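Student: Sharing a model prediction with you, sequence too.
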Amino acid sequence: MKRITIILSCGLSLLLQTSTALTKNETGAPAYVFPSTASLMPRPLDHGGKIEMKYDGFNRETIVTLKRMLITCGAAKGMESTIHGTCVSFVASLHCPGVQLDHVRYAKLQLIFESKDWDRRHPLDERDLAVVADDEQFKLGTMALVKHGVDRTQLIDVMREVLDVSVPYQTFNKIARAQTVEMKVGKTMFELQEKNIAALRDLNNRVKLQ
């Protein structure tokens, strides 16, 4: 019985030595350990935006929407008289016919302007939207007035103006893939932040046709 115990002890010791040797290379340094599959997965974009997807049964389309996201509050390019003291936010959505994400019928861009000064609104002749994505310029037409009024949910009354425009998906795709994006509505000009562009790119990646 004692002999069997000695044999088992020797075998276990040899097994441990072999296992240790397999984890070292010829120089005695620890061998490379492959990372787990989870660590190889790409990290999600940290842009802070919120993206939702829903099916609209009335219009029979699937809509993927980047919810309202702040662009700037006054620190923007353009004429100071039209942007100073104004907060600009945007919403973007992709509209896919039916229950699918393989084909986008069109995209929609919505801009929200908030200011304490009602004179900062955009009259009809100052609602043309132009976008410069990297070095390419797009004239996206006249934005429609969705609504304007006073927001009394804040501590002071704030004028809110909402404008939107529908654009071809091919144009949106180029904008979402750009490194820099500038927008101009009438005399108001501003540049998207890095996180805004990252959110647009994330939205664009939710559909298969790109």
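Tutor: Okay, I see it.
Student: Quick check: closest non-adjacent residue to Val91.
Tutor: Nearest in space to Val91, with sequence neighbours left out and distances taken as C-beta to C-beta, 6 or more residues apart in numbering, is Gln110 at 4.1 Å. C-betas here are computed from N, CA, C, even on glycine.
Student: What segments of this structure are strands?
Tutor: 51-56, 61-73, 86-97, 106-115, 128-133, 136-142, 144-151, 158-167, 181-185, 188-191 (DSSP state E).
Student: For Asp202, find the nearest of these.
Tutor: Go through the strands of the chain one by one with C-beta to C-beta and the one that ends up closest to Asp202 is strand 51-56, at 6.4 Å.
Student: Report the buried residues of the closest one.
Tutor: Using 16 or more other C-beta atoms under 10 Å as the burial criterion, the residues of strand 51-56 that qualify are Ile51.
Student: Each with direction, which strands does it pair with?
Tutor: Partner strands and pairing direction for strand 51-56 (DSSP bridges) are strand 61-73 (antiparallel).
Student: Restricting to C-alpha, output the partner strand in PDB.
Tutor: Backbone C-alpha positions of strand 61-73 (Å, rounded to 0.1, in the frame of the first residue of the first chain) are rendered in PDB as follows:
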ATOM      1  CA  GLU A  61     -41.900  51.300 -42.500                       C
ATOM      2  CA  THR A  62     -39.200  50.500 -40.000                       C
ATOM      3  CA  ILE A  63     -37.600  53.700 -38.500                       C
ATOM      4  CA  VAL A  64     -34.200  53.800 -36.900                       C
ATOM      5  CA  THR A  65     -33.800  57.000 -35.000                       C
ATOM      6  CA  LEU A  66     -30.900  58.800 -33.300                       C
ATOM      7  CA  LYS A  67     -32.700  60.600 -30.500                       C
ATOM      8  CA  ARG A  68     -32.100  64.300 -29.800                       C
ATOM      9  CA  MET A  69     -28.500  65.100 -29.300                       C
ATOM     10  CA  LEU A  70     -26.800  68.400 -28.400                       C
ATOM     11  CA  ILE A  71     -24.400  70.000 -30.900                       C
ATOM     12  CA  THR A  72     -23.500  73.300 -29.400                       C
ATOM     13  CA  CYS A  73     -24.700  76.100 -27.100                       C
END
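Student: Mind listing what's buried along that strand?
Tutor: Neighbour-count burial for strand 61-73 flags 61-62, 64-66, 69-72 (criterion: 16+ other C-beta under 10 Å).
Student: Beta-bridge partners for the nearest residue to Arg121 once chain neighbours are set aside, please?
Tutor: Sequence neighbours aside, Glu161 is the residue nearest to Arg121 in space, at 5.3 Å (criterion: C-beta to C-beta, 6+ apart). For Glu161, the beta-bridge partners are Phe113, His148 (DSSP bridges).
Student: do Leu66 as well
Tutor: Beta bridges link Leu66 to Ile51, Ala92 when assigned by DSSP bridges.
Student: right, and it touches Lys108 too?
Tutor: No. Counting by C-beta atoms under 8 Å, Leu66 sits too far from Lys108 to count as a contact (10.5 Å).
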